[in-house]
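A.B. asks: Give me coordinates for this.
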Amino acid sequence: MAPFLLLLFTILLSFSLYYLFFSKKRSCALRLPPGPKGWPILGNLPQLGPKPHHTLRTLAEAHGPLFHLRFGSVDIVVASSAAVAAQFLKAHDANFSNRPPNSGAEHIAYSYRVLTLKFYEHRPGLCALRRAVARAPQALRAPPLLREGLDDLRPIRAHEVGLMVRSLARWPGGSGGGSSAAAAAAVNVGEAANICATNALARALLGRPVFEEREEAREFKEMVVELMRLAGVFNVGDFVPWIAWLDPQGQAHCGAAAGGGRGGGDFLGALLSLTDQEPAGGQEEGRITDTDVKALLLNLFTAGTDTSSSTVEWALAELIRHPEILKQAQLELDSVVGRTRIVSESDLPNLPTLQAIIKETFRLHPSTPLSLPRIAAEACEIDGYCIPKRATLLVNVWAIARDPAIWPDPLKFRPARFLPGGRHENVDVKGSDFELIPFGAGRRICAGLSLGLRMVQLMTATLVHAFDWTLPDGQPPEKLDMEEAYGLTLQRAVPLVARPVPRLLPEAYVSIMQ
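C.D. replies: Okay, the predicted model is just below:
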């Protein structure tokens, strides 16, 4: 036993000395950004805590908007201000266009075969799939993410939103118009929004909805939440490679391969047809495989459903806590839409208060609090500091959107800041205004931005317009739990459960009840 302990001690000492001395050699002469001291071998990983975006904001207050950490053997740089984020994602965007290796992506996302979350460096096969999708017919190109296909799929979204209203209006105790708050049953808002978003996407991709029963929808929601939690974990094995085989956090055991047959609607069928095509130039590495197709569908579903439904859930929770803002939004909707029908997508551009509410929700509760990591292809200089080659970049989207230097009263829910005359009336969420980048920015901006934004706006507008909302058991709105649960997406720690009380005239519900 004594020789084994001596050998183990020698190995650990050798690695410690390596990190202490040899890792100081940098690929540029400038000094690193400031940052806290870390533990031997593990670096700053033990300091992250259960909510890394909170911890990183606290560190930014101590070390500045650009600071450096060590996660095991990996250099980490964190951008915590709009100005610093712009330098990385605009001025040096090309240098940070790839993702670092990640065990969550390896085990969950088909060994980095990811297009929308993009946990990969560019490879011929994946580039071939992207080119093939771009060349494919409209039936293939339109459904997933491209702007020109969104309008073609408007009837699908309208149908699924109508089904959501029908399910809520007919919930046990509801009468489909005019029921009282006492009679209405409480519902899980996030679950209802998730069913709507998932079925709308499934009908676009597969030609049919995937949920018929609420129980299977609940299981799918739980699965996606767990997947997002795992994808957001800072796994020790990613940063200390020589202990990765131990799988210290159980990441590998949590990865599950997706199964299924070769069937489906237009989009899926068109994708599968690409797997039968010979790659350009006869190069096998450019061949599109079934696994590539499954990875694409996995990413479209995970990135396109839970993020949207979680944002809707946060928006409604904030409105319940601020009944005066809820009433203001309902008055605007009644003025534009009336009370004899439900909201349509054509109404959305005429709803500035609703648009401001969505922006304020993205500000306080961004669906991705920490940007997906990027990796430096080459060493570069940012703000006079050296960013080493292969350093990993994290942008604290959550902290930037709560920066008191940019946002007065940053912790308060104030949609008026985005209305005409407000300080931020011209700020958008589409990646050009770095003080608010819930979808990211640059060439790695979220590919589903247009679809996700439209679904969030439509679902939120419909829920606000069609129903009044009260909390069960006489709970006062100001006591509503707003605690976060960290993951790749920012969930509510406690799901929002509220009573929907139909507020429109009965004829507004008649067409969707038939």
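
A.B. asks: going forward, measure contacts and count neighbours with C-alpha atoms only.
C.D. replies: Noted.

A.B. asks: The closest residue to residue 317 other than its chain neighbours: what's it in contact with?
C.D. replies: With sequence-adjacent residues excluded and distances taken as Cα to Cα, 6 or more residues apart in numbering, residue 317 is closest to residue 496, at 6.8 Å. Shown in contact with residue 496 (Cα atoms under 8 Å, 6 or more residues apart in numbering): 188, 189, 190, 313, 317.

A.B. asks: Let me know the pLDDT of the last one.
C.D. replies: The one in question is residue 317. At residue 317, the pLDDT value in this model is 98.

A.B. asks: and if you look at the second one?
C.D. replies: Note for residue 189: predicted pLDDT of 96.

A.B. asks: my guess is it meets residue 497, correct?
C.D. replies: Yes: look at residue 189 against residue 497 with Cα atoms under 8 Å: they come within range, at 6.0 Å.

A.B. asks: Tell me which of the two has more neighbours.
C.D. replies: Comparing residue 189 with residue 497 by other Cα atoms under 10 Å, the one with more neighbours is residue 189, at 23 against 20.

A.B. asks: gap between that one and residue 320?
C.D. replies: According to Cα to Cα, to the nearest Å, residue 189 and residue 320 sit 12 Å apart.

A.B. asks: residues of stretch 500-511 that come out buried?
C.D. replies: Residues of stretch 500-511 classed as buried: 500, 501, 502, 503, 504, 505, 506, 508, 509 (neighbour count, 16 or more other Cα atoms under 10 Å).

A.B. asks: Please read the previous query as pertaining to stretch 317-328.
C.D. replies: Buried-residue list, stretch 317-328, by 16+ other Cα under 10 Å: 317, 318, 319, 320, 321, 323, 325, 326, 327.

A.B. asks: Do me a favour and get the end-to-end distance for that stretch?
C.D. replies: 15 Å.

A.B. asks: what do you get for stretch 429-447?
C.D. replies: The first-to-last residue distance of stretch 429-447 comes to 13 Å (Cα to Cα).

A.B. asks: Same question for stretch 338-345.
C.D. replies: 14 Å.

A.B. asks: Can you point out the buried residues in that stretch?
C.D. replies: 338, 339, 341, 342, 343, 344, 345.

A.B. asks: Quick check: the farthest pair among the residues you listed?
C.D. replies: 339 and 345 (16.0 Å; Cα to Cα).

A.B. asks: For residue 36, list the residues it contacts.
C.D. replies: 44, 59, 63, 68, 69.

A.B. asks: Please tell me the pLDDT value assigned to residue 43.
C.D. replies: pLDDT at residue 43 comes out at 90.

A.B. asks: Equivalent analysis for residue 131, please.
C.D. replies: Looking at residue 131, its pLDDT stands at 53.

A.B. asks: where in this protein is pLDDT low?
C.D. replies: 1-29, 102-149, 171-183, 212-288, 295, 299, 302-303, 513-514 (pLDDT under 70).

A.B. asks: just checking, residue 377 touches residue 92?
C.D. replies: No: the pair residue 377 / residue 92 is not scored as a contact, 10.4 Å apart, by Cα under 8 Å.

A.B. asks: any idea how far residue 75 is from residue 35?
C.D. replies: For residue 75, the distance to residue 35 - Cα to Cα - is 11 Å.

A.B. asks: what is in contact with those two at once?
C.D. replies: Joint contacts of residue 75 and residue 35 (Cα under 8 Å, 6+ apart) are 68, 69.

A.B. asks: circling back to that earlier point, and of the buried residues of stretch 317-328, the nearest to residue 485?
C.D. replies: The nearest one, if we look at the buried residues of stretch 317-328 relative to residue 485 and count by Cα to Cα, is residue 317, at 15.0 Å.

A.B. asks: tell me which element the closest one is part of?
C.D. replies: helix 307-321 (DSSP states H and E).

A.B. asks: just checking, what packs against that helix?
C.D. replies: Judged by 3 or more Cα pairs under 8 Å, 6 or more residues apart in numbering; DSSP states H and E, helix 307-321 is in contact with helix 189-205, helix 323-337, helix 352-364, helix 449-466, strand 491-492.

A.B. asks: Next secondary structure after the longest one?
C.D. replies: Elements were assigned by DSSP H and E; along the chain past helix 449-466, the next helix or strand is strand 467-470.

A.B. asks: next SSE after that following strand?
C.D. replies: Trace forward from strand 467-470 with DSSP H and E and the next one is strand 484-485.

A.B. asks: so who does residue 92 touch?
C.D. replies: So residue 92 contacts nothing (Cα under 8 Å, 6+ apart).
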